[in-house]
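Undergrad: sequence first, predicted coordinates after that:
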Amino acid sequence: MRIPTTTYRIQFTPEFGFENAKAIAAYLADLGITDLYASPIFKARSGSTHGYDVVDAAQLNPELGTTEEFEALVSELQSLGMGWLQDIVPNHMAYSSENHYLMDVLEHGPDSGYTDYFDLGWNAPFADRQERILAPLLGDFYGVSLEKGDIQLQYSQTGLTVNYYSLKLPLRLESYTKFLSYNLGKITRKLGRNHPDFIKLLGILYILKNVPLEVVDKQRQDQIAFIKGLIWELYTTNDDIHEFIEDNLKIFNGDVGNPESFNLLDELLKDQFYRLAFWKVGAEEMNYRRFFTVNELISVKVEDSRVFNNTHSLIKKLVAESKFTGLRIDHIDGLYNPVQYLERLREKMGDVYITVEKILELTEDLPENWDIQGTSGYDFLNYVNGVFCQKETKFWFDNIYHSFINTRVDYASLVKEKKHLILEKNLAGDIDNLAILLKNISNKYRYANDFTLNGLKRAIAEVLTVFPVYRTYITPEGISESDRATIQEVITQAREQAPLLQNELTFIEKLMLLEFDDSLTQTEREQWIYFVLRMQQYSGPLMAKGVEDTTLYVYNRLLSLNEVGGNPSHFGISTAEFHAFNQKHQANWPHTMNATATHDTKRGEDVRARINVLSEIPQEWEEQVNIWSYLNQDRRSERHGFAMPDRNDEYFLYQTLVGAFPFDEDEESSFLERVKDYMIKAIREAKVHTAWLRPDSEYEQACASFIEKVLDSSISSQFIEAFRPFQQRIAYYGIFNSLSQTLLKATAPGVPDFYQGTELWDLSLVDPDNRRPVDFELRRSYLSTIREQIKTDILALIQELLTHKTDGRIKLFLTAQLLKARKNYLALFTEGDYLPLEIQGSHANHIIAFARRQGNQTAIAIAPRFFTSLIQPGEDPLGDDVWQDTHLQLPANSSSAWKNVLTEQTLEVTETLPIAQALAHFPVALLVSAEC
């Protein structure tokens, strides 16, 4: 197995494809990256900017380049000794006309060879296959869309389709009869009954009416293709038939303003295997499983071995050819049986590096029976971020926040409230399906027969809303002790929340704990297990939508803590907690990924680094934010006596501005538009005054207008004049937080992962802002110059970098030096023990330090924090004047000779190391013992 030393995430897009990646491969190698970490590269919906809307996992995405360009990229990476970690999407595909598997199902219904490919209501035990598959993809109500002429019947060589803008859905075979039979007398009179082409047309109609029902799969498809070919031949060779078909299309498509004229098309649509509907319908009626609440992403039944083999065929081939040297599994918790999936994946892929996108709560462990190398790094992200939040100011920040918004907020209660909101507004249809399944099971038991559908639905909702983790992993083989404890805890809490549902909750507990009655038949056991595994699939989406995509945009006490996988009620991480986390990783998951920014993070790593500074200066923050609000009070709008934006959204905005305001004045004009776009997304995600399902244009416009007025100094310079000095001060301290964070990521147990562009300052916001193009040429130029200056006078280079911190070169320098050290001392950082180091002296709480030791080799990482009480803006946290008597205890039996591999300076110390000596030239240190 190839274990990456460092990974670098690339977001492939039609504008940044294989050739572009090939052009930067040498730069990445020079930086010290060992493995390219690629966003999904399989065929996706046209124009996809992220690749998660896959339409065919068995093909490379042609929009990223040709097969030859892909091979050239692979060859370039291999020539540089680099590997390829590939993000794969086993859970879902795009609900798109380009998804030929899905289109086959929509055209042929139960006779399709791909019916079991997708996670449809049809596939549930005892399902009714007469129910049409929902297609909630219309921008307005079905009737409105129809009578506006937005839904159009069209004909081409592929056959009859229903078109709605770019959406194109096929018609079932039986619809051809209805269409071609309409006005048949007209073409009869025109051609005459004995015309050879008319006879052919009658023959086609006869065949259409008599396709044997018992003929399925490939044979049926061949017959349908033959029929379509005959129609197309008549259409293209006989002008009268061409005109006949075109006239029928015009008639079926109706006349806008004449509702009755759309009856024919309406009847035709009612006869399909799918039901076109307003996209909002998907929130309350749903008969296919989606990715979270995204209608356009339909889930696949990867638990079916045929589906698994098909969707992983190209992946297996590229792994076998050593073109992919690692895999990152997207949304592992969405799968029906993650344990089974990972076992199959390991069997199919062999000894390849595998990590999973798994959100772990702060005290939750990754299941030890998973044959993988770890997670994609959100757990590390939240620990390393939290260690820069000063825990002691928690209650002060509670008071500042609650005072500003004029109300008190309990985080745990808010989470439950927002989970209930998502269940009621976004996942109602999905929960209905679970309740119906549970009702079918309960009907078979005398003690559960009286449970009502509504009561079971409410019980399911109570269980899901108090789930403390993303999901459990109960399988047909049994339940782990940790999962058993989780289920029992959940049911206990649910009983407290809903005392009138005791019996229903007891029944759900019995099912979830697999306490089978002896009298159950094999079929009943299977249905029971099916419910349990289905139930587990919805706790994750509810957590994601209720917490990550709702609560984290409402609970705004300190936004640096509002991150994917984080818990903002936990105000900061102690050094002891951070060390314990790293020791556990080294013992159990030494090759897990360590991330500080990803394509999914709510804000860039350096935005968080800045906002964390606020935790050190609560009094100043309170003063500043109140001054700003006073200065901007006349820039708010009002509606019925309520301010727009409200106080909570205003508080959110000020933290965002502090964290993301650019260093470069040239970027300020684009920053305004970025912040407006971001705020609209944020307030819709919050679902308080506006939402994706029910946009409030007046509130959204009021927020956008407020931002424009606040940031436009030509309207009033008072806010900018008050804001900029404070913001620049926070940004200054944020630089040092970022450097320390980078050091910790690169030296802690695990594989450090770098998101594209973050080797310079990362002041991006949530996607799509964090997918903006990266200026690799600038970074290449910076790195080349830095590498040359290191050779000549490294201390002079460091002094220059410290003088010009805002251009980001200091972070690039640190990254390059750290990755060079990892390469030079690879075994030490991948296999070495993790030893927390004791800090003593005046500023002991300002230092995080640990050693990595293997045999007689030792490395010591020293990362300062909480700089506001150490230095003034413009000063550097270096030397005796800053660190005074602060020192650390060296590990037992340590060398007296050390080298700082960042500055290339040597140190001679015994037993204790003065921090001032280690940080004489650079704000962080990585010391390596002479034995190395």
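TA: All right, it came through fine. Numbers count the residues shown, from 1 in each chain.
Undergrad: show me the contacts for E673.
TA: Not one residue lies near E673 by CB atoms under 8 Å, 6 or more residues apart in numbering. In short, each C-beta sits where N, CA and C put it, glycine included.
Undergrad: just the element for it, please.
TA: Of the helices and strands defined by DSSP states H and E, E673 is found in helix 668-686.
Undergrad: past that helix, which element shows up next along the chain?
TA: helix 697-711.
Undergrad: that next one vs helix 668-686, what angle?
TA: 150 degrees (axes from the mean of the first three to the mean of the last three CA atoms, to 10 degrees).
Undergrad: mind listing what's buried along helix 697-711?
TA: 699-700, 702-707, 710-711 (16 or more other CB atoms under 10 Å).
Undergrad: and those residues, which is closest to F278?
TA: Of all those, F278 sits closest to E700, with 20.7 Å by CB to CB.
Undergrad: for R603, see how far away that closest one is.
TA: 20 Å (CB to CB, to the nearest Å).
Undergrad: ok, now T785?
TA: From T785 to R603 the distance is 30 Å (CB to CB).
Undergrad: and if you look at L437?
TA: In this view, L437 and R603 are 39 Å apart by CB to CB.
Undergrad: swap in V300?
TA: 32 Å.
Undergrad: now swap in Y651 and tell me
TA: Y651 is 15 Å from R603, by CB to CB.
Undergrad: contacts only, for S717.
TA: Contacts of S717 (CB under 8 Å, 6+ apart): none.
Undergrad: got the confidence number for it?
TA: At S717, the pLDDT value in this model is 87.
Undergrad: ok, it to E904 distance?
TA: From S717 to E904 the distance is 47 Å (CB to CB).
Undergrad: for the spatially most central residue of the chain, which non-adjacent residue is spatially closest?
TA: Centroid-nearest residue in the chain, with CA atoms, centre = their mean: D600, separated by 4.4 Å. Spatial nearest neighbour of D600, excluding adjacent residues (CB to CB, 6 or more residues apart in numbering): V564 at 5.6 Å.
Undergrad: repeat that for R636.
TA: Closest to R636 by CB to CB, 6+ apart is A643, at 4.7 Å.
Undergrad: wait, a strand at that neighbour?
TA: Yes. When DSSP: H, G, I helix; E, B strand; the rest coil is applied, A643 is found to be in a strand.
Undergrad: isn't it right up against D634?
TA: No. Between A643 and D634 there is no contact under CB atoms under 8 Å: 11.1 Å.
Undergrad: beyond the lowest-mean-pLDDT helix or strand in the chain, next helix or strand please.
TA: When the helices and strands of the chain are compared on mean pLDDT, DSSP states H and E, helix 217-237 comes out lowest with a mean of 87. Remark: after helix 217-237, the chain's next helix or strand is helix 239-252, criterion DSSP H and E.
Undergrad: run the chain-centre distance for that following helix.
TA: Here helix 239-252 is found 47 Å from its chain centre; the criterion is CA atoms, centre = their mean, to the nearest Å.
Undergrad: low-scoring stretches of the protein, by residue?
TA: 126-129, 212-217, 931-932 (pLDDT under 70).
Undergrad: host element of the residue of it most remote from its centre?
TA: Of all residues in the chain, N194 sits farthest from the chain's C-alpha centroid, using CA atoms, centre = their mean; the distance is 63.2 Å. Under DSSP H and E, no helix or strand contains N194.
Undergrad: and it, how far from N183?
TA: 20 Å.
Undergrad: that older thread, mind listing what's buried along the helix holding E673?
TA: For helix 668-686, by 16+ other CB under 10 Å, it's 671, 674-676, 678-686.
Undergrad: so which of these is the closest to N588?
TA: E685 (34.2 Å).
Undergrad: now that closest one, nearest residue through space, not along the chain?
TA: Y553 (4.4 Å).
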